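K.L.:
Let's see this in three dimensions:
(chains A and B)
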Number of protein chains: 2
Amino acid sequence: MTKWVYNFGGGAADGRADMKNLLGGKGANLAEMASLGLPVPPGLTITTEVCSHYYDHDLQYPDALKSQVEAAVAAIEDAVGAKFGDAENPLLVSVRSGARVSMPGMMDTVLNLGLNDETVVGLAAQAGDERFAWDSYRRFIQMYSDVVLGVDHYHFEDILEMHKEDNDYYLDTELTADDWREVAGLYKAKTEAELGRPFPTDVNEQLWGAIGAVFSSWQIDRAKTYRKLNNISEKWGTAVNVQAMVFGNMGETSATGVAFTRDPGTGERAYYGEYLINAQGEDVVAGIRTPQNLTKKAREKAGATAPSMEETLPEVFNQLADVFDRLEAHYRDMQDIEFTVQKGKLWMLQTRAGKRTAKAALKIAVDMQGEGLIDEKTAVMRVEPSALDQLLHPTLDPDAIRDVLTKGLPASPGAASGIVVFDSDEAVREAKDGKDVILCRIETSPEDIHGMHAAKGILTARGGMTSHAAVVARGMGRPCVSGAGSLQIDMREGVMRALGREIRRGDRITIDGSNGEVMVGEVPTLQPELSGDFARLMQWADKYRTLKVRTNSDTPVDTKTAREFGAEGIGLCRTEHMFFDEDRIIAVRQMILAEEEAGRREALAKLLPMQRGDFEEIFRIMRGLPVTIRLLDPPLHEFLPREESEFEAMADAIGVGVKKLRQRADELHEFNPMLGHRGCRLGITYPEIYEMQARAIFEAAIAVEKNTGEAIVPEIMIPLIATETELSMLRERVEAVAGDVFKEQGQAVEYMIGTMIELPRAALQAGKIANSADFFSFGTNDLTQTCIGISRDDAARFLDEYVKKDIFAQDPFVSMDIDGVGELVKLGTERGRATKSDLKIGICGEHGGDPASIEFCHNIGLDYVSCSPFRVPIARLAAAQAALKES
Amino acid sequence: MTKWVYNFGGGAADGRADMKNLLGGKGANLAEMASLGLPVPPGLTITTEVCSHYYDHDLQYPDALKSQVEAAVAAIEDAVGAKFGDAENPLLVSVRSGARVSMPGMMDTVLNLGLNDETVVGLAAQAGDERFAWDSYRRFIQMYSDVVLGVDHYHFEDILEMHKEDNDYYLDTELTADDWREVAGLYKAKTEAELGRPFPTDVNEQLWGAIGAVFSSWQIDRAKTYRKLNNISEKWGTAVNVQAMVFGNMGETSATGVAFTRDPGTGERAYYGEYLINAQGEDVVAGIRTPQNLTKKAREKAGATAPSMEETLPEVFNQLADVFDRLEAHYRDMQDIEFTVQKGKLWMLQTRAGKRTAKAALKIAVDMQGEGLIDEKTAVMRVEPSALDQLLHPTLDPDAIRDVLTKGLPASPGAASGIVVFDSDEAVREAKDGKDVILCRIETSPEDIHGMHAAKGILTARGGMTSHAAVVARGMGRPCVSGAGSLQIDMREGVMRALGREIRRGDRITIDGSNGEVMVGEVPTLQPELSGDFARLMQWADKYRTLKVRTNSDTPVDTKTAREFGAEGIGLCRTEHMFFDEDRIIAVRQMILAEEEAGRREALAKLLPMQRGDFEEIFRIMRGLPVTIRLLDPPLHEFLPREESEFEAMADAIGVGVKKLRQRADELHEFNPMLGHRGCRLGITYPEIYEMQARAIFEAAIAVEKNTGEAIVPEIMIPLIATETELSMLRERVEAVAGDVFKEQGQAVEYMIGTMIELPRAALQAGKIANSADFFSFGTNDLTQTCIGISRDDAARFLDEYVKKDIFAQDPFVSMDIDGVGELVKLGTERGRATKSDLKIGICGEHGGDPASIEFCHNIGLDYVSCSPFRVPIARLAAAQAALKES
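P.N.:
Okay, the predicted model is just below:
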């Protein structure tokens, strides 16, 4: 016969911690604690299979359930020495739901079940406290009526308030036993009036009512929505836990509390928790009374006067500390615990792995390895990679006061304070004067790069998590709050407004890119700590990962940062940002305006030494490691000005009429620049541009090798390839330039020529394209745009709603769309390797820094991921976890 | 031993017509004619395998070649009764290349080979004509020197001119035998001077020199380029034909000519050709003398006085007519023939299938079926589907004089004359006044739809073959010339200029959308003939095809046209064009400007009856057939005005400030509208829009069914689906509307809900999406844009160069990119059908009217293609050919 009900308590249990699927998380852990011999109030767990049966069979329970529950209740009665429904010595129980994973929205708890007009008298006698008994009874009636019978709790709050007013009471503690008896009577009458039938006095009816309520709550809307959003199957079902009541409110030797075995904020190895004397569990959470510290040390540190549990109940505290140690040793992880002390006796009500901050996760993992509790691999698995982000940037002092002006999206982590500027040139000027500035823009464009670089942080009124501002700021490691929708920026007046307040140019603000808050004035920040535990964990991660981690970097500063963060080369060095520097943009524009190849070549000749200089610096920093350089990618019109005034300035600088400039800009205008004349299409139509870039690369590589004696292997990457012909044509040209330069310089360097796979066609044709490629790098940003047909710059308009409606589980620009984009990456990899088994393959989109995407990249056998410098450690850890999960 | 050389002549041949791969086209047909017993000058063919051997073996011939050629030459000598190099009775030969397919760029012909200072005397004696012999000799020296030895022909032309001047000759005919002897001597001297060695007098050296020149010409640049562009393999090689000379210039009973067995322009069953008395073949082609008609009837029709061959050489003409009939009966196709008459004896030099106009192809195919020469299937295969386009539109009278102003792209076939207007509203006004107008725009936008409809033709200065103007014009069947780059349009002054000429508003022009010409004034046109042969061929096509053909149509006029052209339903009815009508655009804009759902619903309520009216009309015309309606697709900003003045007008009409309008337009602006907030994304975020459209569809379907008693099955198509969730959500909404309408009307109609597969992700996820779809329609326009990452509106900038450089064999918006887009279509079809084996699948992109794409659609098992009305016949024929090719 199927076992539908599992008992626990009295040093034994039918279940175990690893039976979460059957008993739910709570039931399994209660069973485990009971087996460990810890003091757990005896109880029973009705399995999740009953829930499934209930829904599969028209809301009917299995036949044997009733008898099994009866037997289990009898076992509880035996263990406790009381009888359910007995007028003299009644057993009271709690009834709680407990699914495989914790699930908000479902019925939570009914306490004190088993009380009625008769048993309440017995309880009073047993407890020797009539007031306690009637108080417990009225709490039960309210809770049961609300949770099980559906009578809104405000009815009962009204009755209590009226009773207090009638009697001139101010606090609940002023009510006497008689008061509570009267209130209980009024409660029952109210429930009867609302439902048209009396409040159930039969304790078994109460019990089955509560059990039924738990199972019913599995299918209420909130629970369904939560399941859908969190990929929880309908089939899993919930368990029901029925457990003997213990009371923390039976006087001054009773108490209730919650605790962590280590500090969940800092990870310090110190018991951490709160308790309340003479209180029920809900009082600690409700915040009506201020809970007291668990340990003396914590009390002293907090400068609190209310005595700690260590001081008031030293004996029980020692028992508790012993339980903490046993639980940690048993579960090998920091535990989150609920307990109750009833008349000096400790009872454990719950244990589970405790939630913790990134800082704590890191420290606990490393400490536990040191303590021999876990091994290195387990330590690596214990830290959420994306949580590392918090550790790599300055954070706001959590104790500082924040005057929040408005909120936007947490676009790039870290906190920064500075004076407000609205213009990138101004940002540069003010930064040169030694001022910290926050660049505030409606949105940013490639022309703001220098301003963003000069600024300590960036704030935009428009744009999503993957807007230009967000992407560039993350790449630079600048904190950024984007899309602060309530912000109105008036550039002309030099003022921005939000929620009726005004911030002028030069005013000081603080932004927190980790949560999106924008604050008035300066908020003190804390600097990150990257040695010690962090370095140790990274070392372990590197030991177990197989995927290489490179960085996306275009500047010496970023390259240096990334190398310090452990980057093993550059996976994407964009060359277009280099074109925006003030001293270059003129030559770039001359090139664009030239009508003939000769004119373009003349302008390119001016750019050559500058571009070579860029590469030399980057090569020197990355020497010994590979550097992938992407040839020019964006459409030429991105380099032309937008504003009328800029056109005039440009006309002066270049010596060409404004009309002609406008005309050329009009000619170059594109309806869909993302799908326009860019990438290798520029290389095909204006081969001289790529030739100049290739020359700069080879000359720089030779210069650095001559200079340092250490070689880098430049990997020249041709963007936006759709056909093999494009690549083979451009490959030929680049090889020709290499030949020329090597001859001129009397020295050759090794190099590779490869391509971005960033169009669906390229992924499909990867087998052919591989013939002309030494490596592939999946450009998953553009691949996402083309595969899903969704513009990164425009998606904000509907993507939020798409995520809310669960059409996408996540923003596909943040975490790779595995079903769509992922299939193309997989297919491209398979087809490319089928042609060339040793083809080096990586990914250089934003996804290269996203843990879930990294796991996917590991699983399909890529060689490396490349991400922005500040995400390099995240990628290293995520890659290690992927490798460990696989093995 | 390998047979490297094949003989023919004297009523027998080693080869056959089906040995083209080995003998080349020319050699195979000469062999075939010889076998048929036709009078073919005897000759030999060196096989294409010799060419391959030559290139595979370091330019060495196979060992046995020499002896095989010698033996074959001996056989020719026997047949002719002359000896190669014999001073008394010399054999002269021609040497010609002959690849599997005709290939410009290669060495063509050397005539009279075998002449030297001795044999020329023998020839003179044999022919009884010294002048003829020396003329032949000097021709040979020039031709051989030029073609084989690489001495430029202008040297010889100079010598001849000088000789004529010195002797006061005006015409070549004035030169005597002595003159030609003197000229021949000068020619030889010149060649010797240029090369530093004498002109070869050994006839075998001459022969092997010419053979080597043919093989070498296989690898000259022009031939290589031609092969690359036409997908001809390097491996195929060329054959060499050596054939005994016959002379059409041996006096008044000699002649030479070219002929077609039927009229290649009209297809009429009448011998068609030209000849010249006393001339060599090249004289007919060179155009120095005017060739005369072949038949008396043709001469009379042309009103010519020079007698026809039928009149001058009646006996030979009768022989020739007999040969024509035998060749047609043998090849069962119209033949293109070259012949020579030497002293009253007919010789056949070439036969091959003749090129013909579309009109002729149609008539010949249908006639030959009637004559029992070919069956229906062969007739269907004989007409190039895309050539039909010429037959469906008015064409310019080929005899009319054309004053060509400029040339653009042949964007939509057909010819039209009318007065020039520069504005769509003006086009409508003038058309209402009964005038024919040509709408001339820099480029068109969706707001020009009414103007394009009112115009007889459209001319734009910008935009490619797939620009808005081109696509819409083709859809409407309006002739269109797009991208006439030299045209400068000054809207303000109402004038356009090209190549120094000026056309003002109201001036009359003519455009020819079949060749891109723009002409000043009116050029008379001929109307198409759609019954008779055309109808017969279409009937046969329908009999053999399995693919259904539907149309893309949004208007009653187009729907009617398409049905007349044989469309079997509508595969794509876009609903957005309906929103641009003057009386609707205001409500559309009100909807866009509404800030809340209520406001949008109010505006939509105004649109509902109009939209319902649109559908009723279309349903009525298409009753009995399916109609696929695509719900709103373009981003909303497409419906807002662009010009400042329009904003003001709109503000007045709607009663909203200009500033607010501008602001909303700015909000809606997108960087990449193609990848933006459009398609089903609108349906998800503004469900009320699709609800209105669904209601209009259901109400219209019920109304038409009540009214006509005949049902249509509306197929509601949701655009731009990327995920199954989108489709299932929207499906639910549409089904809810259906339920409401059916209840209100007390009547239900059958309907289907499906989706466009137009994003790579949708194709990849087709297996899941099929769960919520009753049908798929591949939107290959957008699928091309996203798969290749190429914007249709912007591609003109580089696509030309891409096609020129052979990166794409064809514009991928015109003919489907089978390797990329095609794989997605195939994959989407397979995955969709794996989920739902009876899923109805079609394609509704522009490719639905392209024969190559249609063949692909047939081969992968689609149910239908949908194309613009004027391409429906093309699609029917292409579908039939695909089916016949397969079987």
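
K.L.:
Lowest average confidence across helices and strands of chain A, where is it?
P.N.:
helix A:281-286 (a mean of 66; mean pLDDT, DSSP states H and E).

K.L.:
Who does the helix or strand just after it pair with, and is each partner parallel or antiparallel?
P.N.:
Downstream of helix A:281-286, the first helix or strand assigned by DSSP states H and E is strand A:292-293. According to DSSP bridges, strand A:292-293 forms sheet pairs with strand A:272-277 (antiparallel).

K.L.:
Which of the three states applies to the nearest residue to residue A:136 once chain neighbours are set aside?
P.N.:
Among residues not flanking residue A:136 along the chain, residue A:112 sits closest, at 4.9 Å (C-beta to C-beta, 6 or more residues apart in numbering or on different chains). In this view, the C-beta of every residue, glycine as well, is placed from N, C-alpha and C. State at residue A:112, reduced to three classes by DSSP: H, G, I helix; E, B strand; the rest coil: strand.

K.L.:
Let me know the pLDDT of residue A:112.
P.N.:
Listed pLDDT for residue A:112 reads 94.

K.L.:
Same check on residue A:222?
P.N.:
On the pLDDT scale, residue A:222 gets 79.

K.L.:
got the buried residues for stretch A:571-583?
P.N.:
A:571, A:572, A:573, A:574, A:575, A:576, A:577, A:578, A:579, A:580 (16 or more other C-beta atoms under 10 Å in any protein chain shown).

K.L.:
that older thread, can you get me a residue count around the residue nearest to residue A:136?
P.N.:
For residue A:112, the count of nearby residues is 25 (other C-beta atoms under 10 Å in any protein chain shown).

K.L.:
Just give the closest residue to the closest residue to chain B within the stretch 251-400 of chain A, not the sequence neighbours.
P.N.:
Among the residues of the stretch 251-400 of chain A, residue A:386 lies closest to chain B, at 24.4 Å counting by C-beta to the nearest C-beta. Among residues not flanking residue A:386 along the chain, residue A:851 sits closest, at 5.6 Å (C-beta to C-beta, 6+ apart).

K.L.:
which residues does the one you found contact?
P.N.:
Neighbouring residues of residue A:851 by C-beta atoms under 8 Å, 6 or more residues apart in numbering or on different chains: A:384, A:385, A:386, A:874, A:877, A:878, A:881.

K.L.:
Repeat the analysis, applying 7 Å as the threshold.
P.N.:
Shown in contact with residue A:851 (C-beta atoms under 7 Å, 6 or more residues apart in numbering or on different chains): A:385, A:386, A:874, A:878.

K.L.:
Now render these as JSON lines, adding pLDDT.
P.N.:
Rendered in JSON lines, the data for those read as follows (pLDDT from 0 to 100):
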{"residue": "A:385", "pLDDT": "94"}
{"residue": "A:386", "pLDDT": "85"}
{"residue": "A:874", "pLDDT": "95"}
{"residue": "A:878", "pLDDT": "97"}
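
K.L.:
Compare the residues you listed and tell me which has the most neighbours.
P.N.:
Neighbour tally across the contacts of residue A:851 (other C-beta under 10 Å): the maximum, 31 neighbours, falls on residue A:878.

K.L.:
picking up where we left off before, quick check: the residue nearest to residue A:136 vs chain B, distance?
P.N.:
Distance, residue A:112 to chain B, using C-beta to the nearest C-beta, to the nearest Å: 45 Å.

K.L.:
check contacts around that residue.
P.N.:
A:92, A:136, A:139, A:140, A:245.

K.L.:
Spell out which parts of chain A neighbour chain B.
P.N.:
Within chain A, the positions near chain B by C-beta under 7 Å from any C-beta of the partner chain are A:670-677, A:681, A:684-685, A:720, A:722-723, A:725-726, A:759-761, A:764-765, A:785-791, A:793-794, A:797-798, A:801, A:805-807, A:819-820, A:823.

K.L.:
For the buried ones among these, write the corresponding ChimeraX selection.
P.N.:
Remark: buried members of the residues of chain A next to chain B, expressed as a ChimeraX selection using 16+ other C-beta under 10 Å:
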select /A:670,672,673,674,675,676,677,681,684,720,722,723,725,726,759,760,761,764,765,785,786,787,788,789,790,791,793,794,797,798,807,820,823
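
K.L.:
Of the residues of chain A next to chain B, which belong to helices?
P.N.:
Members of these lying in helices (criterion: DSSP state H): A:681, A:684-685, A:725-726, A:760-761, A:764, A:785-788, A:797-798, A:801, A:823.

K.L.:
For the stretch 151-300 of chain A, which residue gets nearest to chain B?
P.N.:
residue A:228 (10.5 Å).

K.L.:
give me the number of residues near that residue?
P.N.:
Taking other C-beta under 10 Å as the criterion, the count of residues near residue A:228 is 11.

K.L.:
Flag the shaky bits of the stretch 201-350 of chain A, pLDDT-wise.
P.N.:
A:229, A:284-288 (pLDDT under 70).

K.L.:
Could I get the full set of helices for it?
P.N.:
A:203-217, A:221-229, A:281-286, A:296-302, A:309-312, A:314-331 (DSSP state H, counting those that start in this stretch).

K.L.:
buried stuff in the last one?
P.N.:
In other words, helix A:314-331. A:316, A:317, A:319, A:320, A:321, A:323, A:324, A:327, A:328, A:330, A:331.

K.L.:
go on, stretch A:771-779?
P.N.:
For stretch A:771-779, using 16+ other C-beta under 10 Å, the buried residues are A:772, A:773, A:774, A:775, A:776, A:777, A:778, A:779.

K.L.:
ok, for residue A:523, nearest residue in space, not its chain neighbours?
P.N.:
Counting by C-beta to C-beta, 6+ apart, the residue nearest residue A:523 is residue A:510, at 4.3 Å.

K.L.:
helix, strand or coil for the one you found?
P.N.:
Taking three-state DSSP as the rule, one finds residue A:510 in the strand state.

K.L.:
Just to check, it is in contact with residue A:522?
P.N.:
Yes. In this structure residue A:510 lies within contact range of residue A:522 using C-beta atoms under 7 Å: 5.8 Å.

K.L.:
which neighbours do those two share?
P.N.:
In contact with both residue A:510 and residue A:522: residue A:417, using C-beta under 7 Å, 6+ apart.
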